[in-house]
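Structure, please.
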Amino acid sequence: MRPPNKKMGIRIDRQFRIARIWSNRQIRRLASIFTGDIVNVSAWDDRDKEGGYYREYFSNASGYYCTNYAGARGYQQRENEYFVDLTKDVPEELKRRFDVVFNHTTLEHIFEVRRAFKNLCEMTRDIVIIVVPFSQVQHEKESYKDYWRFTPSCIRELFRENEMEVVYEAESEHRRSAIYLLFVASRNPQKWKERMPKYEPITEAGSSIGFQWSLKELKRKVLRKY
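Residues are numbered from 1 along each chain as shown. Okay, here's the model as predicted:
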């Protein structure tokens, strides 16, 4: 029997992890800009999957909260945690409750995605930050399914539908890995024009998919073979 291929393990890990690392760097870059009450929706226990917690990113928050729903990693009745089912109407007390609503890679697992998106927008007084997959391997378990992939046009239209405007967007562009999109939208876009990092709207998401080997990579591949 062959011993485990460590290099193959690294490649598989990279395929799944590098997009998360990218999105975490983006969130760190943006998080300190925001103040007020911030909520991580469908947060589990708020871990960033790099050994830290997202609450640590938002250093200028006056209050930090999480929401969860029932399930394998669901509602635990912790301090500053709310019970929220994104497929149902948001409780009245949570409408416009927060200054910033943050949601990381949850929407692909909710079949009623337009309702879930509307709920995220209804919970905020101003800002919504979302991370969604443009492309990645299907991932689901008995406790959750995997339904959707998103384009930049789709996200912009969903925000428009909920009377919000995009003020920042970015795409992970690592080859041979999942591709994430990160969007920030506001109810008060003029307020953020000078405060957000400069960006170019995404015009060709996934342009790295199927990209051919560079000459350097091709040489390395041939030498490894022989």
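
where exactly do the strands run in this protein?
Counting by DSSP state E, the chain has strands at residues 36-40, 61-68, 81-83, 98-104, 124-135, 165-171, 179-186.

Outside of the fourth one itself, list whatever touches it.
So the one you mean is strand 98-104. Under the criterion CB atoms under 8 Å, 6 or more residues apart in numbering, residues 23, 27, 34-42, 54, 58, 61, 65, 120-121, 123-131 lie in contact with strand 98-104. Yep, even glycine has a C-beta here, placed from its N, CA and C like the rest.

what about the closest residue to Arg187 other than its chain neighbours, distance to Glu173?
Nearest residue to Arg187, sequence neighbours excluded (CB to CB, 6 or more residues apart in numbering): Asp126, at 5.2 Å. Taking CB to CB, to the nearest Å as the measure, Asp126 falls 29 Å from Glu173.

now do Ser153
According to CB to CB, Ser153 stands 18 Å off from Glu173.

the more surrounded of these two?
Neighbours were counted for Ser153 and for Glu173 using other CB atoms under 10 Å; Glu173 has more, 15 against 10.

Run a quick check on Lys49 versus Ile18, I expect a contact.
No - between Lys49 and Ile18 there is no contact under CB atoms under 8 Å: 11.7 Å.

who's more crowded, the two?
Counted by other CB under 10 Å, Lys49 and Ile18 do not tie: Ile18 has more neighbours, with 17 against 13.

Excluding sequence neighbours, find me the nearest residue to that one.
Ser177 (4.5 Å).

tell me the contacts of that neighbour?
14-16, 18-19.

if you set the cut-off to 10 Å instead, what comes out?
Ser177 sits next to 11, 14-22, 135-136, 208 when contact means CB atoms under 10 Å, 6 or more residues apart in numbering.

okay, Met1: pLDDT?
Met1 is assigned a pLDDT of 43 by the prediction.

So what pairs up with the residue nearest the centre of the chain in the strands?
Most central in the chain under CA atoms, centre = their mean is Val131, positioned 1.9 Å from the mean C-alpha point. In this entry, Val131 is beta-bridged to His104, Leu182, by DSSP bridges.

I'd guessed it sits against Ile179; true?
No - contact criterion CB atoms under 10 Å: Val131 and Ile179 do not qualify, at 11.2 Å.

between those two, what contacts are shared?
The contact sets of Val131 and Ile179 overlap at 19, 22, 172 (CB under 10 Å, 6+ apart).
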